[in-house]
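Participant: Provided below for reference: sequence and predicted model.
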Amino acid sequence: MGFETRKKTGRILALSVCAFGLALAGTSALSTLAHAAKTTLTMGMVLEPPHLDPTAGAPAAIDEVVYSNVFEGLTRIGPNGAVVPGLAESWTVSDDGKTYTFNLREGVSFHDGSAFESTDVKFSIERAMAEDSTNAQKALFSAIDSVTATDPGTVTITLKNPAGNFLFNMAWGDAVIVAPESADTNKANPVGTGPFKFSRWAKGSAVDLVRNDTYWGTKAALEKATFRFISDPAAALSAMLAGDVDAFANFPAPESIPQLRADPRFTVVVGSTEGETILSTNNTRPPFNDVRVRQAMAHAIDRQAIIDGAMFGLGTPIGTHFAPHHPAYVDLVGQYEFNPEKAKALLAEAGFADGIKATLKLPPPSYARRGGEIIASQLRKVGIELEIIPVEWGVWVPEVFKGKDYDLTIVSHTEPMDIGIYGRGDYYFNYDSADFKALMASLDGEADEQKRYALMSDAQKVLANDAVNGFLFQLAKAGVWNAKLNGMWENSPIQANDITGVSWSD
Amino acid sequence: MIKALAHKLIWAALTLVAASILVFLALEIVPGDPAEVMLGINATDEAVAALRKQLGLDLPPLQRYFAWVGGLLTGDLGTSYTYSVPVSELVAERVVVSLPLALMALFLSTVIAIPVGLIAAGKRGTMADTGIMAVTQIGIAIPNFWFALLLVYVLAIWLQWVPAGGFPGWEQGLWPGLNALLLPAIALALPQAAILSRVTRSALLETLGEDYIRTARAKGLSRRATLSRHALRNALIPVVTIIGLQFAYLLAGTIIIENVFYLPGLGRLIFQAINLRDLIVVESVVMLLVATIIAINFLVDLTYVWIDPRLRTSSDAETSAAQTQTDGAS
């Protein structure tokens, strides 16, 4: 009897829930009609971050969710790549370039309600520098000698030697400011000072952020943002076409770009990234230790054919290791024009008229796998026979990058402003040039922007003259988003999806 | 019966031990270190060493193996290196997607395949049979991811009836969850149904040649009644074997479909974990799957006994037969 009644009540309950649901659906449809501007965003991403603490891991996917949105640093990188104020409102640099005094913003609090003060800055930087630190970019902090919290609103950082790129370094995701109370749990529950708060992470599927209504600066227009992880390029296209996601800042299927461009529902913007895609060459391994062989390769490679064949036309040819959108960029693409005859002549001059046999290790990204096949066929025409060896990242890092056991490989160096890697003698190119190192040393000691640019352009020319690596193209970023969406970044001067300025038009 | 059961349990335990050694060894040999992968190419050696220590990766392999197996025995699957949460939590989040998906697909495949197999066998040699065989041949030949893309294109992009992929989570309600799993379940089910209906047909055709079928027909039973009452039950053993295999496949081998529909299932968990060298997740999830597959096989064995009463008493029957013989001899 009791059972019967319960069953009935259950049914009535279920029915009323249905009715209520329908009513709700009706009203929400109506309210959407009433004020049309949406306040939610679903952004597609290819890779899921392993965790959400940018100070404890290298994967770009971490920054792509939390940088600027959840976490902020003393400085930050703006849409055009310039360093702009972040949690530090302003700063002064001493004449010797070794003391930086940061004036912090007032009224800033972390998402858990605790106040942001100079002690948090001291804690964050010292934590990153500590012996047991697991910061993936510890080198960013290597110039720092000491951090002093002068008063709650002021931090003084003393450097061991002048470092011209110090403010830039402090803008990286790895240098964001965290609170001592939440630092250890940021991986699963990130607590920052940004305009968005972490809400939910359905692992394997999506991360949800919600607006921080107590944000110190301009509050975000979006109330909720979802980062949804879609690794399959075909699935990414379907999700875009079906309207399941509103935007892909970095769309993974370049072959579908013409189709999306033709669709009036979408905006397609091909922008630039910090990814110099290069044919990395082991500069100490014969025959590549001979500059003529490397120059011959530079002449044998048709960069545009690689961009067309491997990247569906998306990408900008480069002639050195520098991003073309940077003001200090020097266009050196013409220095080694595509000329197989000249390549053969250079090889003959170096004593390799009979040809060369070498290996080409290719990591998984399609720029490497597809590009590698095209390069192998181009080099074969001048007598360089390459054996292609596909490798996983898990193998590439210990073997190629750490072990330097390779002849040639293709990889995109996606860190911003990373020309300095050529000054590290132990870097996997095995490139050791006194000239270049001297240039890097003067660059470190120079704070004047124009002089820095001049040094940077000299450095670019040295790399091109030495033909250190095969400089192929700057990785493009094909952004696809709903045509009604405003404020999406065109370029990626840093690996991030800064959605703080994104809004919908009516 | 009990003896046979004990026998099976011992084998199951040995299989698990062997699997644990193989899985552990395989992942020890595979190049790539979780800490290195986590911290990327610019990390200092110092930072990598600090992380290795934090994760316990600096301990000798044998010690790590026993710590892991010891944990498994007490139900502790370990803590993920990359996500820093218990592996059991990760598995629980994924099982609520993978298990319903596998069950839906298995259900669809079975309810399609058995009637189709029955019809094909019943109408052997007719146009219907030839037609069914042709369609199932195509069903086997079509890769399921291609079929999935086709479904997405028609039902999600063109007609916009269902989402193109993703999983909203069961907390959004039963219907949105089932709705999200519908296309992937169909994409998984149809190729399996094609295989299963062919197996059903050939198993039926084999039993149809048996003497007892002729007897059933001779006593006046209709063709259809013979088929469904006598032939089907006897043909079920190979069919159940295939269903068992398919279930194991659907539970763990659906990575491609999970990718096409970007579902957070077990397959993708393993795939992501392998890429990130989250060894403990790979090891524990693989062990869990091995255990599940052993359990499924065990269930399949039990089903044999339920389907075929002769298996239930076979050992007893043998003994009694032997006894009769000795009795006769004395």
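Facilitator: Yep, it's here.
Participant: what ranges do the strands span in the stretch 351-500 of chain A?
Facilitator: Secondary structure of the stretch 351-500 of chain A, counting by DSSP state E, counting those that start in this stretch: strands at A:356-362, A:384-390, A:408-413, A:470-482, A:485-486.
Participant: how about the residues of the stretch 151-300 of chain B near chain A?
Facilitator: Contact residues (C-beta under 8 Å from any C-beta of the partner chain) of the stretch 151-300 of chain B with chain A: B:152-153, B:156-157, B:160, B:163-167, B:169, B:259-265, B:268-269, B:272, B:275-278. Every C-beta, even on glycine, is put in place using the N, C-alpha and C of the backbone.
Participant: Among the residues you listed, name the ones in helices.
Facilitator: Under the assignment DSSP state H, these contribute B:259, B:260, B:268, B:269, B:272, B:275 to helices.
Participant: okay, the last one: pLDDT?
Facilitator: Spelled out, that is residue B:275. On the pLDDT scale, residue B:275 is placed at 81.
Participant: Tell me, how many residues neighbour it?
Facilitator: The local packing of residue B:275 (other C-beta atoms under 10 Å in any protein chain shown) involves 18 other residues.
Participant: The third one now?
Facilitator: Residue B:268 has 24 neighbouring residues, counting by other C-beta under 10 Å.
Participant: hang on, it packs against residue A:204?
Facilitator: Yes: judged on C-beta atoms under 8 Å, residue B:268 makes contact with residue A:204 at a distance of 5.7 Å.
Participant: hmm, the longest strand that chain A contains touching chain B?
Facilitator: Looking across chain A with DSSP state E, the single longest strand is strand A:266-281. No: shown here: strand A:266-281 not in contact with chain B (C-beta under 8 Å from any C-beta), separated by at least 11.6 Å.
Participant: Next secondary structure element downstream of that strand?
Facilitator: helix A:291-300 (DSSP states H and E).
Participant: Now render the strands of the stretch 351-500 of chain A as TSV, adding distance to chain B.
Facilitator: Compiled in TSV, the strands of the stretch 351-500 of chain A are given as follows (distance: least, C-beta to the nearest C-beta, whole Å):
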stretch	distance to chain B
strand A:356-362	13
strand A:384-390	13
strand A:408-413	9
strand A:470-482	15
strand A:485-486	19
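Participant: how about a markdown table for the ones you listed, with mean neighbour count and mean pLDDT added?
Facilitator: Formatted as a markdown table, these follow (neighbours: other C-beta atoms under 10 Å in any protein chain shown; pLDDT from 0 to 100):
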| stretch | mean neighbour count | mean pLDDT |
| --- | --- | --- |
| strand A:356-362 | 19 | 95 |
| strand A:384-390 | 16 | 95 |
| strand A:408-413 | 23 | 94 |
| strand A:470-482 | 24 | 93 |
| strand A:485-486 | 16 | 94 |
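Participant: Same list (those strands) but as CSV, adding distance to residue A:93.
Facilitator: Formatted as CSV, these follow (distance: least, C-beta to C-beta, whole Å):
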stretch, distance to residue A:93
strand A:356-362, 43
strand A:384-390, 48
strand A:408-413, 29
strand A:470-482, 31
strand A:485-486, 36
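Participant: what kind of secondary structure is the residue of the stretch 1-150 of chain A found nearest chain B in?
Facilitator: Closest to chain B within the stretch 1-150 of chain A is residue A:58: 2.4 Å, counting by C-beta to the nearest C-beta. Secondary structure for residue A:58, judged by DSSP: H, G, I helix; E, B strand; the rest coil, is coil.
Participant: Quick check, it in contact with residue A:136.
Facilitator: Yes: between residue A:58 and residue A:136 there is a contact under C-beta under 8 Å: 3.9 Å.
Participant: neighbours around residue B:73, how many?
Facilitator: Around residue B:73 there are 8 residues (other C-beta under 10 Å).
Participant: how much space is there between it and residue A:317?
Facilitator: Residue B:73 is 59 Å from residue A:317, where distance means C-beta to C-beta, to the nearest Å.
Participant: can you check residue B:143 too?
Facilitator: Counting by C-beta to C-beta - residue B:143 and residue A:317 are separated by 37 Å.
Participant: And the pLDDT at the nearest residue to residue A:476 once chain neighbours are set aside?
Facilitator: Leaving aside its sequence neighbours, residue A:476 sits nearest to residue A:314 (C-beta to C-beta, 6 or more residues apart in numbering or on different chains; 4.0 Å). Among the per-residue scores, residue A:314 holds a pLDDT of 91.
Participant: which ones are touching residue A:314?
Facilitator: Contact partners of residue A:314, counting by C-beta atoms under 8 Å, 6 or more residues apart in numbering or on different chains, are A:254, A:257, A:270, A:307, A:476, A:478.
Participant: Reduced to three states, what does the residue most central in space within chain B come out as?
Facilitator: Centroid check for chain B by C-alpha atoms, centre = their mean gives residue B:248 as the closest residue, at 1.1 Å. Classification of residue B:248 using three-state DSSP returns helix.
Participant: just checking, it touches residue B:296?
Facilitator: Yes: contact criterion C-beta under 8 Å: residue B:248 and residue B:296 qualify, at 5.5 Å.
Participant: where does chain A dip in pLDDT?
Facilitator: Confidence mapping of chain A against pLDDT under 70 gives the ranges A:1-36.
Participant: Let me see the ranges of the helices in the stretch 1-150 of chain B.
Facilitator: B:2-29, B:34-39, B:45-55, B:61-73, B:87-122, B:127-141, B:144-151 (DSSP state H, counting those that start in this stretch).
Participant: Just want the angle from the fifth one to helix B:127-141.
Facilitator: Meaning helix B:87-122. Calculated by axes from the mean of the first three to the mean of the last three C-alpha atoms, to 10 degrees, helix B:87-122 forms an angle of 150 degrees with helix B:127-141.
Participant: Show me what the mean pLDDT comes to for helix B:87-122.
Facilitator: On average, helix B:87-122 scores 91.
Participant: separation between residue A:452 and residue A:157?
Facilitator: 20 Å.
Participant: Now do the strands in the stretch 101-250 of chain A.
Facilitator: A:144-151, A:154-159, A:196-202, A:206-211, A:224-229, A:247-248.
Participant: Residue A:361 is nearest to which of those?
Facilitator: Between residue A:361 and the strands of the stretch 101-250 of chain A, the shortest separation by C-beta to C-beta is 28.0 Å, and it involves strand A:224-229.
Participant: Can you give the distance of the closest one from its chain's centre?
Facilitator: 18 Å (C-alpha atoms, centre = their mean, to the nearest Å).
Participant: Identify the residue spatially nearest to the residue of the stretch 1-150 of chain A closest to chain B, adjacent ones excluded.
Facilitator: Per C-beta to C-beta, 6+ apart, closest to residue A:58 is residue B:40, 2.4 Å.
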